[in-house]
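Q: take this sequence and fold it.
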Amino acid sequence: MCNTTDLADRAKRCGLARQLKFHHLPGTLAMWLILALTWPAADYLRAAEAGYIAPSPGWDNLQPATGDANDWPWWRGPSVNNHAPANQKPPVKWSEQENIRWRITPPGRGHATPCVRGDHIYLPAGDPAQQAIWLFCYDRATGQKIWQAEVYHGPLPKIHEDNSYASATPACDGERIFFPYQAENAVCLAAVDLSGKVIWNKQVAPFKSIQGYSASPVLYKSAVIIPTDGTLANTMTALHRQTGEVIWHTTLSKVRESYASPLVARVAGRDQIVIIGGFKTSSYDPNTGRRLWECDGPAEFCAATMAFDASTVFATGGYPEKALLAIRADGSGDITRTHVAWKSDTKAGYVPSPLFHAGLLYAVSDNGLLRAYEAGTGKIAWEHAFKAPFYSSPVLVGDRLYLFDRQGLGRIVKTGSKFESVATNRLPHGVFATPVILGGRIYLRSLTDFYCLEEKP
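A: Next up, the predicted model:
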């Protein structure tokens with residue numbers, strides 16, 4: 001179970017846990033006491049001033065995690081852009097009686113996108129009645145449960161009724177599945193092997209939030225990286241995928257909680273980890289955690305992940321204000337006045353993440369307004385009002401977008417310079433999670449059931 005931090009481990013190795021009574025101290029106080037007593041004075045002062053732990057030499061000693069085109073190993077897919085393989089034919093029609101390969105009802109509740117790797121699907125769920133959070137492994141072809149791992153048992157915090165205790169999408173590096181979750185007063189990260197054994201389970205940072213935790217992890221070289229962006233702290237931490245030890249830790253330039261998942265991508269000629277929220281869009285070096293640039297906007301509270309092209313990131317949010325920003329990602333420092341290519345009106349989305357494809361940026365708002373923007377200028381190529389609420393993000397398959405709303409309607413829309421509807425289908429329960437579309441199948445999690453939709457001969 002999640003019951004310690006890497007800093008606590010450091011204290012124990014130095015024989016300080018008993019003297020400090022570490023587990024009975026407030027998290028932030030304990031952290032700085034341990035740093036003060038275990039680091040050289042100069043290093044401690046630098047860290048205390050900047051809220052930063054630098055990586056040690058030689059931290060990158062594992063093979064990088066890669067994603068096969070036929071897998072969906074982490075949030076937004078192997079290319080982190082929500083583009084599913086184009087050479088497949090997922091169903092165009094479905095219902096409770098039509099084109100269902102299998103359907104199961106997992107225990108508990110969760111809004112995470114399925115993590116699909118090889119023959120297996122990894123799906124988390126939480127149940128406040130049982131005070132438990134689990135990670136499940138299912139057979140990709142049949143939906144049969146293979147194993148169930150409990151990653152947390154204990155008191156659970158109050159969260160928004162639309163959130164769940166399993167909203168973060170797991171990430172799989174081929175040997176381990178990484179799943180972050182919110183315990184009573186902290187965000188923890190569990191690493192589970194492919195047989196269902198919990199390898200390590202670390203408390204990353206103290207955490208409280210109005211809505212609850214939802215950010216998915218990202219993998220980069222030997223690191224798994226997560227933000228903890230709440231009312232107690234605004235930080236981002238890279239942990240070693242094999243050991244769970246802290247590689248680097250940085251303070252985010254925010255003063256508000258946020259719910260957005262980060263994204264690691266190569267944009268403007270360099271690897272960047274980008275994240276939005278707390279009035280800021282920010283970029284960090286994934287090797288060190290050092291900030292590269294930041295830009296004001298799009299909103300105080302944000303939940304979406306950015307889209308990107310070769311040179312620009314697209315950030316949407318949020319609450320209470322709404323906007324979509326196109327930001328050139330080659331700057332440094334504060335780039336608010338120099339690198340904003342364009343800004344939308346206030347009809348932007350808060351929760352669903354946008355998608356870039358072939359010069360157009362597709363974005364659906366929480367109230368169902370789907371727009372196609374010219375990515376270079378921000379001009380609206382077309383828009384269509386579905387007049388339905390959305391949390392799920394669009395997925396691209398070839399020249400079609402698949403979108404699911406909170407009332408159970410699944411829509412297929414053609415990409416391009418004009419709006420063209422292909423099909424609309426209904427399932428009995430709403431969809432908050434973004435689906436995965438692989439091998440001609442749609443892996444779809446509704447509020448009650450987990451479906452595999454496939455065209456039947």
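Q: any low-confidence regions in the stretch 251-400 of the chain?
A: 254-255 (pLDDT under 70).
Q: T113 against V431, yeah?
A: No - taking contacts as Cβ atoms under 8 Å, T113 lies outside contact range of V431: 10.9 Å. Just so you know, the C-beta spots here come from the backbone N, C-alpha and C atoms, and that holds for glycine as well.
Q: what do the two both touch?
A: Residues touching both T113 and V431 (Cβ atoms under 8 Å, 6 or more residues apart in numbering) are R445.
Q: higher neighbour count, the two?
A: A direct count of neighbours by other Cβ atoms under 10 Å for T113 and V431 places T113 higher, at 28 against 24.
Q: angles on the backbone of G318, please.
A: Reported as degrees, to the nearest 10, the phi and psi values for G318 are phi 180, psi -120.
Q: before we move on, what about T415?
A: When read as degrees, to the nearest 10, the backbone of T415 gives phi -80, psi 170.
Q: from A381, how far out is it?
A: 10 Å (Cβ to Cβ, to the nearest Å).
Q: any shared contact partners between these two?
A: 360, 372.
Q: how is this structure carved up into domains?
A: As assigned by automatic domain parsing, the chain contains the domains 1-50, 51-454.
Q: winner for burial among those?
A: Of all the domains of the chain, domain 51-454 carries the top mean neighbour count, a mean of 20, counting by mean count of other Cβ atoms under 10 Å.
Q: how far away from the center of its chain is stretch 289-306?
A: Relative to its chain's centre, stretch 289-306 lies at 14 Å (Cα atoms, centre = their mean, to the nearest Å).
Q: between its first and last residues, how far does that stretch reach?
A: Chord length of stretch 289-306, first to last residue, is 18 Å (Cα to Cα, to the nearest Å).
Q: please apply the same query to stretch 178-189.
A: 7 Å.
Q: report the mean confidence score over that stretch.
A: The pLDDT scores in stretch 178-189 average 96.
Q: I'd like the distance between the residue nearest the centre of the chain and I53.
A: Nearest residue to the geometric centre of the chain (Cα atoms, centre = their mean): S216, 2.7 Å. Plainly put, S216 is 22 Å away from I53 if you go by Cβ to Cβ.
Q: cool, K280 as well?
A: 21 Å.
Q: now K208
A: Counting by Cβ to Cβ, the separation of K208 from I53 is 22 Å.
Q: same thing with P128?
A: 34 Å.
Q: try K379
A: Going from K379 to I53 by Cβ to Cβ gives 44 Å.
Q: so where do the strands sit in the stretch 201-350 of the chain?
A: Ranges of strands in the stretch 201-350 of the chain, per DSSP state E, counting those that start in this stretch, are 218-220, 223-229, 234-240, 246-251, 263-267, 270-277, 280-284, 291-296, 307-308, 312-317, 323-328, 333-334, 340-343.
Q: out of those, flag the one nearest E374.
A: strand 340-343 (9.3 Å; Cβ to Cβ).
Q: tell me the strands beside the closest one, with direction?
A: Strand pairing for strand 340-343, using DSSP bridges, gives strand 323-328 (antiparallel).
Q: ok, residues contacting the strand it pairs with?
A: Contacts of strand 323-328 (Cβ under 8 Å, 6+ apart): 268, 281, 295, 297-299, 311-317, 335, 339-346, 348-349, 354, 361, 363, 373, 375, 378.
Q: run the chain-centre distance for that strand.
A: So, by Cα atoms, centre = their mean, the centroid of strand 323-328 is 19 Å from its chain's centroid.
Q: again, but for stretch 75-93
A: That offset, for stretch 75-93, works out to 17 Å (Cα atoms, centre = their mean).
Q: got it, and stretch 363-370?
A: 19 Å.
Q: stretch 177-188 now?
A: 13 Å.
Q: now do stretch 166-173
A: 7 Å.
Q: hang on, isn't D173 packed against D71?
A: No - look at D173 against D71 with Cβ under 8 Å: they stay out of range, at 11.5 Å.
Q: so the closest residue to F356 other than its chain neighbours bridges to which residues?
A: Closest residue to F356 apart from its sequence neighbours, by Cβ to Cβ, 6 or more residues apart in numbering: A307 at 4.4 Å. Beta-bridge partners recorded for A307 (DSSP bridges): F314.
Q: contacting residues around A307?
A: Counted by Cβ under 8 Å, 6+ apart, A307 has contacts 81, 313-314, 353-356, 361.
Q: let's have those in CSV, adding distance to K322 and secondary structure.
A: Below are those laid out as CSV (distance: Cβ to Cβ, whole Å; DSSP: H, G, I helix; E, B strand; the rest coil):
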residue, distance to K322, secondary structure
N81, 23, coil
V313, 18, strand
F314, 14, strand
S353, 14, coil
P354, 13, coil
L355, 18, strand
F356, 19, strand
L361, 16, strand
